[in-house]
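J.: got a predicted structure plus its sequence, pasted below:
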Amino acid sequence: MSYTGMYDKGDHIDTGIGGTRKINTAGKPSSGTFSSIPVIDLTDATSPSLDARKKVAQEVYEACVNVGFFYIKNHGVPDEAIASIKHEAKRFFHEQSEEDKMNLDISKNTEFYGYAPIKPKLENGRAKTRMFESINFGYEPSMDPGASTTEDNGPNFWPSEEKLPNFKANVGKYYSAVMDLSRQLLHMFALSLNLEETFLDKFCKKPGVLLKLNHYPAVVPDSSDSAGIHAHSDLESKRLRFTYQVELESLHSPPGFTILLQDDVKSLEVLSKDGHWIPADPIPGTFVVNIGDAMSMWTNNLFLSTIHRAYNKEGKVRYSVPFFFGADYDAVMETLPSCIDEMRPVKYKPITAGEYVRMKLNNTYPKAVGKVAAEVSVA
Ligand SMILES: O=C(O)CCC(=O)C(=O)O
Ligand SMILES: [Fe+2]
């Protein structure tokens, strides 16, 4: 798999905090040229009229093919659920001691679910600071209204009721609502690709899901501390980090796609093919949805998994809540039939979501995993 955008591995991109920075685009799918991010109204996504649903799906298609990012409004997630997750994120980060949080340390969890602290100093040869703290929760069938199993993908670390009463129940309200929204988006993606509306559902029975709460502290704007999440596309790295012990920027489930809740602080930026960082500033009442690497592969690179970053441009305290949704780890992802034609021959061998992440790591961190290089190769 080779990257076909205008910039390439080693190209320098304006950092926005003074100077330029080398960008590692190895193995990234190509980017589109765009100057803004579309807003899609999901009101008709649940219309009884198939034609009305198809119209929404067409907008989704355009956004995925040209940008890889879009805002959604009228998405059906209740205001109370959104208020609840914002409130719980603040409680989690500020109403517990460092020790309480470190008891949920991600490195103690077999699946790398849990808490990851801020790392302001460059220790142990780390090339980058980590100017945010986060907590991740994997798939919780009890919080999935469409669950067909009671099995999870590994145990989550929840704070105890004693430390943070009602935290789990309140997080669950949001979790359930975005699970519903995710399954609705799956239908939109299927329709947009001229597939049966429910075609993708069978791959997502025990989905690779990750709900992540992020807290970016106040920093001096335009300083190196304002570089929160560095340029990346969304891929599964949780298992990779566990398996190969390599330092990764952020921990994800196999997206699929990501549904991001922002607060009102500007930070997120998306890289256009011509090398410009396009702001994805918060718009009240919306989520930002983006395509991840696995979905891009599944669609034979038709849908774009676009590079993005979160730099704290305003220097204010910021919270964000990405929800990563991906296929079951054992689901075989075979290029979707409607994404193949003479102009776009099949690029990838069928691969399980689990195997796929090893291939990604191999592309992104060839030195760390040179020995698995030959194990999983693309067609
Ligand atoms: O915090 C944000 O706005 C973006 C987070 C993000 O891109 C990620 O966690 O993958
Ligand atoms: Fe991301």
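T.: Looks like it arrived, so ask away. Numbering: from 1, shown residues only. Ligands and ions are numbered 1, 2, ... in the order given.

J.: what about the strands in the stretch 151-300 of the chain?
T.: Taking DSSP state E, counting those that start in this stretch, the strands of the stretch 151-300 of the chain run over residues 207-216, 227-232, 257-262, 268-271, 277-279, 287-291.

J.: select, out of the ones you listed, the one closest to residue 332.
T.: strand 207-216 (13.9 Å; CB to CB). Every residue, glycine included, has its C-beta placed from N, CA and C.

J.: list the helices and strands the closest one packs on?
T.: Secondary structure elements in contact with strand 207-216, counted by 3 or more CB pairs under 8 Å, 6 or more residues apart in numbering; DSSP states H and E, are helix 79-94, strand 133-137, helix 167-192, strand 318-328.

J.: residue 183 is nearest to which of the strands of the stretch 151-300 of the chain?
T.: Here strand 207-216 is closest among those (CB to CB), at 9.2 Å.

J.: for ligand 1, which of the helices and strands packed on strand 207-216 is the nearest?
T.: Ligand 1 lies closest, by CB to the nearest ligand atom, to one member of the helices and strands packed on strand 207-216: strand 318-328, at 3.4 Å.

J.: so what does the closest one touch, helix or strand wise?
T.: Against strand 318-328 (3+ CB pairs under 8 Å, 6+ apart) you get helix 79-94, helix 167-192, strand 207-216, strand 257-262, helix 293-298, helix 353-364.

J.: out of the ones you listed, which one sits most buried?
T.: Highest mean neighbour count of the helices and strands packed on strand 318-328: helix 293-298, a mean of 26 (counted as mean count of other CB atoms under 10 Å).

J.: on that earlier part again, export the helices and strands packed on strand 207-216 to TSV and tack on mean pLDDT and distance to residue 53?
T.: Conversion of the helices and strands packed on strand 207-216 to TSV gives the following (pLDDT from 0 to 100; distance: least, CB to CB, whole Å):
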stretch	mean pLDDT	distance to residue 53
helix 79-94	98	24
strand 133-137	93	31
helix 167-192	98	6
strand 318-328	94	20
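
J.: and the ones you listed: which comes nearest residue 303?
T.: Proximity to residue 303, assessed across the helices and strands packed on strand 207-216 by CB to CB, is greatest for helix 167-192 (8.0 Å).

J.: so can I have TSV of the strands of the stretch 151-300 of the chain showing mean pLDDT?
T.: Shown next, in TSV, are the strands of the stretch 151-300 of the chain (pLDDT from 0 to 100):
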stretch	mean pLDDT
strand 207-216	93
strand 227-232	76
strand 257-262	97
strand 268-271	92
strand 277-279	93
strand 287-291	97
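
J.: thanks a lot, see you next time.
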